[in-house]
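>>> what would the 3D arrangement of this be:
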Amino acid sequence: MSAPLSHPIIPMPRTIGRRAAARVRLCIPAQVMLLQGLENCLLDDLSQAGARVTIAARLPGIGAGVVLKAKGLDAFGTVIWAQGARFGLAFEELLPLPDVVNARHFADAHAEYQAAQHARNARLFVQGAPRLRRQS
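Sure, this is the predicted structure:
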């Protein structure tokens, strides 16, 4: 028989702030509304508290307000870091968990669609499908 624990196990409170919410990897097309206008981007990952975005346009500055638009999602956030072609957003309000889950489902369907398109294009190439000609 083992001796009882002399120190009770006390659960630790959840961390507030950075990495407090679980993230889902997405890599789906999205848009960000910046002061310069609407820019296309990739939504790399998403949580209820924030997101990581890759953009080809000039990065917004730290502290800039941004509206992230993705399939069924509009979220206002503040840029908290920027490096290379990526930046991180902290949302003003936590996203509802179903919105994050729906984004993950969309990402799965989008990945399957892209894989099917690549397979179709490869099959057409191997079969010698006629190429589209440019209009002069």
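
>>> which parts of the chain are helices?
With DSSP state H applied, the chain shows helices at 97-126, listed in chain order.

>>> show me where it has strands.
Counting by DSSP state E, the chain forms strands over residues 24-34, 37-46, 50-55, 65-70, 73-83, 86-91, given from the N-terminal end onward.

>>> average pLDDT for the third one?
If I follow you right, that is strand 50-55. Within the predicted structure, the mean pLDDT of strand 50-55 is 96.

>>> report the angle between that strand and strand 24-34.
70 degrees (axes from the mean of the first three to the mean of the last three CA atoms, to 10 degrees).

>>> against which helices or strands is strand 50-55 packed?
Using 3 or more CB pairs under 8 Å, 6 or more residues apart in numbering; DSSP states H and E as the contact definition, the elements that strand 50-55 packs against are strand 24-34, strand 37-46, strand 73-83, strand 86-91. Where C-beta positions appear, they are placed from N, C-alpha and C, glycine not excepted.

>>> contact partners of the second one?
What that stands for is strand 37-46. Taking contacts as CB atoms under 8 Å, 6 or more residues apart in numbering, the residues outside strand 37-46 that touch it are 23-33, 51-57, 68-70, 86, 95, 100, 103-104.

>>> do the last one as well
For strand 86-91, the external contacting residues (CB under 8 Å, 6+ apart) are 44, 48-55, 59-60, 66, 68, 75-82.

>>> deepest in the core, which of the strands of the chain is it.
Across the strands of the chain, the average number of neighbours (mean count of other CB atoms under 10 Å) peaks for strand 50-55, which reaches a mean of 22.
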